[in-house]
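Colleague: Got a sequence here, can you model it:
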Amino acid sequence: MELKRVKQILSSSADIEVKYNDTSVWIDEVMEDGQTAVVHLRGPLEERSNVSIADLQEG
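Modeller: A predicted model of the protein is given here:
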């Protein structure tokens, strides 16, 4: 996914599905490097991970 699209999803009020390794995730923020995002799994788990924006896919 491109950085521009990640920022659009973050600013949107819509529920836009994003996947990381075929798992639905929420994007929490974009890191200052512009290449990494902090995400967490949809659901009860709140564990956050730093992942490459290039590895995110719109579901």
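
Colleague: Packing partners of the top strand by length along the chain?
Modeller: If you go by DSSP state E, the chain has its longest strand at strand 23-30. If you count contacts as 3 or more C-beta pairs under 8 Å, 6 or more residues apart in numbering; DSSP states H and E, strand 23-30 packs onto helix 3-11, strand 18-20, strand 36-41. Every C-beta, even on glycine, is put in place using the N, C-alpha and C of the backbone.

Colleague: Redo those as TSV? Include mean pLDDT, mean neighbour count and distance to residue 56.
Modeller: Compiled in TSV, the helices and strands packed on strand 23-30 are given as follows (pLDDT from 0 to 100; neighbours: other C-beta atoms under 10 Å; distance: least, C-beta to C-beta, whole Å):
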stretch	mean pLDDT	mean neighbour count	distance to residue 56
helix 3-11	97	13	7
strand 18-20	97	18	6
strand 36-41	96	18	7
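
Colleague: how about the ones you listed in a markdown table, adding distance to residue 28?
Modeller: Shown next, in a markdown table, are these (distance: least, C-beta to C-beta, whole Å):
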| stretch | distance to residue 28 |
| --- | --- |
| helix 3-11 | 9 |
| strand 18-20 | 11 |
| strand 36-41 | 4 |
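
Colleague: Many thanks, I have nothing further to ask.
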